[in-house]
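1. fold the following.
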Amino acid sequence: MLKSKTFVKKTRSGGVMKVVREHYLRDDIWCGSEVCTECKQESTVLQKDACMESSLCSYPHYLVPDTNVVLHQIDILEDPVICNVIILQTVLQEVRHRSAPVYKRLKDIIHEKEKRFYTFTNEHHRDTFIEREPGESANDRNDRAIRVAVKWYSQHLKTFESDTDGLKVVLLTNDQGNKQKAQDNGLLVYKCEEYVKSLIANPELVDRLALSSDDKNEITSSKVLFPEHLPLSRIQTGIKSSSFLQGTFRASRDNYLEATVFVQGEGEDGTEVLIQGLQNLNRAVHQDVVAVQLLPRSEWVAPSSVVLQDEGTAKDDEDAEEEEGKLRTAAAEAARKPTGKVVGIIKRNWRPFCGMLNVSQIKESTRHLFTPADRRIPRIRIETRQASTLSGQRIMVAIDGWPKDSRYPNGHFVRSLGGAGEKDTEEEVLLLEHDVPHQAFSQAVLSFLPKMPWAITPEDMMKREDLRPLTVCSVDPPGCTDIDDALHCRELENGNLEVGVHIADVSHFIRPGNALDKEAANRGTTVYLCGKRIDMVPELLSSNLCSLRSNVDRLAFSCIWEINHKAEILKTRFTKSVINSKASLTYAEAQMRIDDTNKNDDITKNLRGLNKLAKILKRQRIEKGALTLSSLEVRFHMDSETHDPIDLQTKELMETNSMVEEFMLLANISVAQKIYDEFSECALLRKHPAPPPSNYDILIKAAKSKEVEIHTDSAKALADSLDAAKVDGFPYFNTLLRILATRCMMQAVYFCSGMDSDFHHYGLASPIYTHFTSPIRRYADIIVHRLLAVAIGADTTYPDLMDKHKQSALCNNLNYRHKMSQYAQRASVAFHTQLFFKSRGILNEEGFVLFVRKNAIIVLIPKFGLEGTVFFDSKDKVSPNIVFEEEGPTLSVEQHKFHIFDKVKVTISLDDSNIQHQKIRMALIEPVIPGVSVPPPDTERPAKKQKLDR
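-> Prediction:
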């Protein structure tokens, strides 16, 4: 049956166009229930004995949630207890329009077979489709459509009553009007909360209920604490007239009464507005998009140097006012910044937060405060009856709202992650807090993997060069199973050399737009934690079919150069190929082969040729001004059974590390040039902006303190002055200087060539650069492979590849994922470092002062690649006489003056007094300052627990 809707639409040119929409109604849409014999369905989803132990519904029943229940109570619907649910098309469409994250979660539930969620296409069913009536709002029409569908289901299943033990259909809604109308129509209907509270066997589900607006009023006090948020219409008018600014709210880690709002300007630039004090922060949460009103200039303040954590019991107003007073006195004379107040919220960016419960002191209380692991998030008030079980556990909590008369936002318990301090729990928290997608790959994604046993077909061979006879080998870190790259080098008859970089051909297996491709694009990168890897692509590809392991045929994308002995490139070509690696070596094994004069086999000759060229290439690069910077990377030695760290040392770099790196850089630059020449508008490239001169202040001051001059007008000037920087009797000085120089750098980013004009890579001193050499672990490289394949005619293009706006949006996600993976890696190293020191008691080690602060020095311990802070003011001790000089910078403590790079001796121990924020504590041993330094610990005895200083 065909229905058609006709309406008129105004065109851009001002004309009027008639639009006819055809809407097909069918009578072959099945109900999905096992009890039904009328619908001719091949398979069913909804069970015959749909029993949930409910004090309200003692009979078997199916649930039909309305749109608001799905949007606000998705945590409940995800619980394994809730099954046999009918999701109407009306609801699915509304959810899709109103919340993409909830829609994705709902689709994931529908795909889970054991949950038995059935999608019923009520908008195309002849008996359940309804027209919108004159004067009826879209919302009311949709509510009516839901009621009509529930009535149809009730009557449809009634015809099989003899088989069903009284099977019924229950509508869940939180809308009082909708509930009343449903009851008038004779339907079974409950509020979501009523129904959940009736589930006798699962009382813990009540904790996962999101608060409805009725409940929110109960929890709060009558006193209004915050200004009212302006409605969106007022905000939009204010932004247009420039009386308000729109920006991203960024809370401070160190001070809960302070934040900045980043207002995006033209291009990369933006301005920051400072917000201070509870009233001005006005219930904004980190990463929310907010509207800000600037205060009059006379009320502008400077960022506070006071560290304030929102700790202890729920604060009353006097405490907050006293702490706000501290901010103002500290900021009186300093440089003032544009200061404002939050007047409204444009978009909430709430997610479920990890953290721990502060159990209420009041016995039998169900209301407790939750402290998030991320210090930038305010504490959240939740209701739970399982506080005694949850204390000492890491849990997840979602925010439901923040009324103007509540000191904290209100939220609900989502799930428990496990015991705090346990390795698996902390790893899960770390991944969730850094937004690293780490769930198992779904069936939809896995369905696009090649079927095993897999082999290269004759069709594959026809389109590729057969490079299997070449002596190709790979060189990687020990234990590496996702081998992206392999190399070869051989002498040609004309006396020149042929060098090839062969990269796993991942884009052969991952085709554009399928579920596997979308998942890899979302993940963006493989994340390497200590002793664990979160893959970007399923293991079958990452560790097997795409990994260029030795002695198996593998598909590759090859970049091959003809090079003379002065390392000048004479010819470059790219080809899809088949290779067979002759050896998978570690850096150390490759180094030993090169150094062992008795070895003269093909692989070793190959490596020596590559190493010789790499040294020349590196020298040429450095002459052009490429920077050689330093950052301390640590390597943990894990216990093979407990997987706890038993040793910790900094990674040692060999010549072979540099050899591989040189050819990877060369391949990346060659490919970047090729794809940009072919696709000037949509090449995916990588740039590294030059730092603003002020970034180098600390480096210049630090060098000056040792009478060394650093020039920063260009990368070449910086590289040369770093090479020349030496201090007699202080061999480690140059490394320290390079570590400090690394901290001055900007982040390198992916971008689309059609959306930017500055391509330069500062650190590599290269005019153009991209990532081509690691497609197993970086999605950017897969896109680059696709572009290169189109450029050489080896593959076909597709619309998104040539769309610079889509390419640019993809780059934004890749940059975000890349940054988050780096933070997650650092957090993992920090956690494993804590585990290492937990079993070590107190150690004393030598270190160097890396930074000087107003009340502390930051010390670097080269042996462990570890940084820590030695504080000189503590709450329970008389503070020593401290003088900080910005110019040096220097810090005088009593009679001793600290400079950057001073050698010190410290004790290192783990402070686990706050289980959620454990940290490495350092205390000064040398130089000896009476009343400040501590005596060296007796390391012979097993370490006793140290009395904490602060």
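2. what residues does G238 make contact with?
-> Residues in contact with G238 (C-beta atoms under 8 Å, 6 or more residues apart in numbering) are 230, 244, 291, 293, 343. C-beta here means a position set from N, CA and C on the backbone, and glycine is covered the same way.
3. in these, find the pair that's most separated.
-> By the measure C-beta to C-beta, L230 and Q293 form the most distant pair in the contacts of G238, at 9.4 Å.
4. show the subsequent helix or strand relative to whichever helix or strand D723 is part of.
-> For D723, the host element (DSSP states H and E) is helix 715-724. Per DSSP H and E, the first helix or strand lying C-terminal to helix 715-724 is helix 733-743.
5. what mean pLDDT does that following helix get?
-> Helix 733-743 shows a mean pLDDT of 82 in the predicted model.
6. residues of that helix that come out buried?
-> 733-734, 736-741 (16 or more other C-beta atoms under 10 Å).
7. how about residues contacting the following helix or strand past that helix?
-> Going down the chain from helix 733-743, the next helix or strand is strand 749-752, by DSSP H and E. Applying C-beta under 8 Å, 6+ apart, the contact partners of strand 749-752 are 681-689, 771, 780, 804, 807-808, 811, 814-815, 818.
8. how is this structure carved up into domains?
-> Annotated domains of the chain cover 2-208, 443-686+752-822, 691-745, 841-926 [the TED database].
9. could you dump the ones you listed to CSV with distance to Y408?
-> What follows is the domains of the chain, written out as CSV (distance: least, C-beta to C-beta, whole Å):
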stretch, distance to Y408
domain 2-208, 17
domain 443-686+752-822, 27
domain 691-745, 36
domain 841-926, 17
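10. what is the distance between stretch 524-531 and the centre of its chain?
-> Centroid separation between stretch 524-531 and its chain, computed with C-alpha atoms, centre = their mean, to the nearest Å, is 11 Å.
11. what does it contact?
-> 427, 430-431, 436, 438, 482, 533-536, 542, 636, 638, 643, 645, 776-780, 813-814, 816-818, 821, 824-825, 828-829, 831-832.
12. please apply the same query to stretch 568-576.
-> Under C-beta under 8 Å, 6+ apart, the answer for stretch 568-576 is 463-465, 496, 505, 508, 555-564, 666, 670-671, 674, 788-789, 791-792, 794.
13. helices along the stretch 501-650 of the chain, start to end?
-> Assigned helices in the stretch 501-650 of the chain, in chain order: 515-523, 539, 587-595, 602-624 (criterion: DSSP state H, counting those that start in this stretch).
14. pLDDT of the second one, averaged?
-> Averaged over helix 539, pLDDT sits at 91.
15. check stretch 95-110 too.
-> Here the average pLDDT along stretch 95-110 is 87.
16. what comes up buried for that stretch?
-> Neighbour count says stretch 95-110 has 95, 99, 102-103, 105-107, 109-110 buried, by 16+ other C-beta under 10 Å.
17. out of the contacts of stretch 524-531, list just those in helices.
-> 427, 430-431, 779-780, 813-814, 816-818, 821, 824-825, 828-829, 831-832 (DSSP state H).
18. so where's the stretch 851-950 of the chain shaky on pLDDT?
-> 874-877, 914-915, 938-950 (pLDDT under 70).
19. now do the strands in it.
-> 856-861, 866-871, 882-885, 890-893, 896-898, 903-911, 919-926 (DSSP state E, counting those that start in this stretch).
20. what is the shortest one packed up against?
-> Put plainly, it is strand 896-898. Secondary structure elements in contact with strand 896-898, counted by 3 or more C-beta pairs under 8 Å, 6 or more residues apart in numbering; DSSP states H and E, are strand 890-893.
21. kindly recompute the last result at 6 Å.
-> Contact partners of strand 896-898 among helices and strands, from 3 or more C-beta pairs under 6 Å, 6 or more residues apart in numbering; DSSP states H and E: none.
22. direction included, what does it pair up with?
-> strand 890-893 (antiparallel) (DSSP bridges).
23. kindly report the same for the last one.
-> Looking at strand 919-926 with DSSP bridges, its paired strands and their directions are strand 903-911 (antiparallel).
24. could I have the CA atoms of the strand it pairs with written out in CSV?
-> Backbone C-alpha positions of strand 903-911 (Å, rounded to 0.1, in the frame of the first residue of the first chain) are rendered in CSV as follows:
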residue,chain,number,x,y,z
LYS,A,903,73.1,17.6,40.9
VAL,A,904,71.1,16.4,43.9
LYS,A,905,70.6,13.2,45.8
VAL,A,906,67.1,12.2,46.8
THR,A,907,65.1,9.4,48.5
ILE,A,908,62.3,7.9,46.3
SER,A,909,59.3,6.2,47.8
LEU,A,910,55.7,5.5,47.0
ASP,A,911,53.0,7.6,48.8
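25. got the contact list for that strand?
-> Residues from elsewhere that reach strand 903-911 (C-beta atoms under 6 Å, 6 or more residues apart in numbering): 834, 837-838, 842-844, 846-848, 859, 919, 921-926, 937, 946, 948.
26. what angle do it and strand 866-871 make?
-> Counting by axes from the mean of the first three to the mean of the last three C-alpha atoms, to 10 degrees, strand 903-911 lies at 90 degrees to strand 866-871.
27. how about strand 903-911: buried residues?
-> Neighbour count says strand 903-911 has 904-911 buried, by 16+ other C-beta under 10 Å.
28. contacting residues for the closest residue to L585 other than its chain neighbours?
-> With C-beta to C-beta, 6 or more residues apart in numbering as the criterion, L585 has its nearest non-adjacent residue at 5.1 Å, and that residue is V475. Contacts for V475 (C-beta under 6 Å, 6+ apart) come out as 585, 590, 656, 660.
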